[in-house]
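In: need the 3D shape of this:
(chains A and B)
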Amino acid sequence: QQQVKQSPQSLIVQKGGISIINCAYENTAFDYFPWYQQFPGKGPALLIAIRPDVSEKKEGRFTISFNKSAKQFSLHIMDSQPGDSATYFCAASRSGNQFYFGTGTSLTVIP
Amino acid sequence: KAGVTQTPRYLIKTRGQQVTLSCSPISGHRSVSWYQQTPGQGLQFLFEYFSETQRNKGNFPGRFSGRQFSNSRSEMNVSTLELGDSALYLCASSWLQGRITEAFFGQGTRLTVV
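Out: Numbers count the residues shown, from 1 in each chain, chains lettered A, B, ... in the order given. The predicted model follows:
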C-alpha cells in the first residue's frame, strides 16, 4: 500500500509560472514531511520540509502548504525557472527513522 | 562540510554474484539509511542503522543485508544478485537528535546486473 500518494506524475510550466505538486498521506503518526529535488544522475537533495504543527513554510521561491485535517501537503514553486526542471519527491516519516516517498513528479519549465 | 559519500558510483555485476556498497555519512551523523530507487518502484526503504544497530528494515528479501561500523560508515551487501536488483542504491545520513531529522542523500551507486 502506497503510504504517500503524489500527483501529478509530470508537469510542464512556463518560465515565471507557478508549479504545484500535491501529496497525500495515510498515517497520522507521520511528523516530518520533506520535499526532495533530484536531477538526473544525482541523489535526491533536500529542498524544504515541514512539521504538522505549522500550516505553511516558505523558503525563497519554495513554499510548503500543509493541511493536517485533510492529510495533504503541497509544494509551490513560484516564478518557476528552467533550472527548476527536475524530479520532485514528497516524503513522510515518523521521527525521521524511515521515509516513505511519493512516486515523483517530473517538472519541466519551458523558457 | 563534506556530504554523504557513496562508493563505487557504478557497478556491473553478473547474476548470482554478490556486491558490497559503501556509504560514509556526514561527519557527526549517526544514522544511515539505505534506499533502492528504480523507475518502476520509486524509492523504497531497505534498512536503517543507528549506532551500529539495525533499527528498521524494509520489505526486502534476506539477500539484502547491511552493517554499520563504529565510525558510522555503513555497508550494504546483496548476495545472489538477480536482474531485478539493477537499481540506484542511495544512502541517507541523518543526525537524528531531538527534532533534527533531516536526511541527506549521497549520489548513489548505480548497480547493473547482467
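In: how close does B:Gln6 sit to chain A?
Out: The spacing between B:Gln6 and chain A, counted by CB to the nearest CB, to the nearest Å, is 8 Å. Quick note: C-beta positions are derived from backbone N, CA and C, even for glycine.
In: so what sits opposite that residue in the bridge?
Out: Counting by DSSP bridges, B:Gln6 is bridged to B:Cys23.
In: residue contacts, it?
Out: A:Gly43, B:Leu21, B:Ser22, B:Cys23, B:Ser24, B:Tyr89, B:Leu90, B:Cys91, B:Gly106, B:Gln107, B:Gly108, B:Thr109 (CB atoms under 8 Å, 6 or more residues apart in numbering or on different chains).
In: next: A:Ser80.
Out: So A:Ser80 contacts A:Val13, A:Gln14, A:Lys15, A:Gly16, A:Gly17, A:Ile18, A:Ser19, A:Arg61, A:Leu107, A:Val109 (CB under 8 Å, 6+ apart).
In: that one: what secondary structure?
Out: Here A:Ser80 is recorded as coil under DSSP: H, G, I helix; E, B strand; the rest coil.
In: separation between it and chain B?
Out: 23 Å.
In: please apply the same query to A:Ile21.
Out: Taken as CB to the nearest CB, the span from A:Ile21 to chain B is 15 Å.
In: in a strand, that residue, correct?
Out: Yes - judged by three-state DSSP, A:Ile21 forms part of a strand.
In: the helix or strand encompassing A:Pro34 close to chain B?
Out: Element membership of A:Pro34 [criterion: DSSP states H and E] is strand A:33-38. Yes - for strand A:33-38 and chain B, the contact criterion (CB under 8 Å from any CB of the partner chain) is met by A:Pro34, A:Tyr36.
In: return the nearest residue of chain B with respect to chain A.
Out: B:Thr101 (2.7 Å; CB to the nearest CB).
In: identify the residues contacting the residue nearest to that residue when sequence neighbours are not counted.
Out: Distances taken as CB to CB, 6 or more residues apart in numbering or on different chains put A:Gly96 closest to B:Thr101, at 2.7 Å, once the chain neighbours are dropped. Residues near A:Gly96 by CB under 8 Å, 6+ apart: A:Tyr32, B:Ser31, B:Ser94, B:Leu96, B:Thr101, B:Glu102, B:Ala103.
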